[in-house]
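S.K.: return a 3D structure for these sequence lines:
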Amino acid sequence: MNETPQQYTRRILGYIEGKQPLAVQAATARKLERLINGVPTSKLRKRPAADKWSVSEIMAHLGDAEIVIGFRIRFILGAPGTPILAYDQDSWATSGHYEKRDPHKSAEQFRVVREANLALLKSLTPEQWKHYGMHSERGQETIERIVRMTAGHDMNHLQQIERILPAK
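M.R.: Numbers count the residues shown, from 1 in each chain. Predicted coordinates:
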């Protein structure tokens, strides 16, 4: 999907309209576990199309993205206004061998890092939620905006996984 950074932002934020971003984030790890529980790894590694990620690759991406999000938030808290670098998720998928990663270990990595990130977010003062970094593609992003984007990102990938895996 070729999108501008602005189109991507609108699409991702559209997933969480009317929802509480922290509640969405708090529920994601359990939803992921339920979706992949009992599904053979071979099925989780099967791509739905040559140019689409498998469930296993999506799980690895979510684990790595959660590390990036936590780093960005911590960087902003320590140095408000700091630059935030974009990254090429497809390059990370290739160089990180997402196709070979154990999807259950990726889910566990995601859960643990997400719990740490949520604990930090719950400790922030109202003023800290307004701290921002300067994203290299999307411009100024407050912690509040990053949290909303993360929740939308969760919803986007949960829906992808639900489309790939048949209903249980």
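
S.K.: find the nearest non-adjacent residue to residue 131, please.
M.R.: Excluding its sequence neighbours, the residue lying closest to residue 131 (CB to CB, 6 or more residues apart in numbering) is residue 80, at 4.4 Å. Every C-beta, even on glycine, is put in place using the N, C-alpha and C of the backbone.

S.K.: so that neighbour sits in a helix?
M.R.: No: residue state for residue 80 (DSSP: H, G, I helix; E, B strand; the rest coil) corresponds to coil; a helix is not indicated.

S.K.: who's in contact with stretch 102-112?
M.R.: With CB atoms under 8 Å, 6 or more residues apart in numbering as the test, stretch 102-112 has contacts from 28-29, 32-33, 36, 41, 44-45, 55-56, 59-60, 62-63, 66.

S.K.: wait, the residue nearest to residue 131 sits on residue 129?
M.R.: No: contact criterion CB atoms under 8 Å: residue 80 and residue 129 do not qualify, at 11.6 Å.

S.K.: which secondary structure element contains the residue lying closest to residue 93 once chain neighbours are set aside?
M.R.: The shortest distance from residue 93 to any non-neighbouring residue, by CB to CB, 6+ apart, is to residue 57 (5.9 Å). Using DSSP states H and E, residue 57 sits in helix 55-78.

S.K.: can you show me the strands along the chain?
M.R.: Taking DSSP state E as the criterion, the chain contains strands spanning 83-84, 132-135, 139-142.
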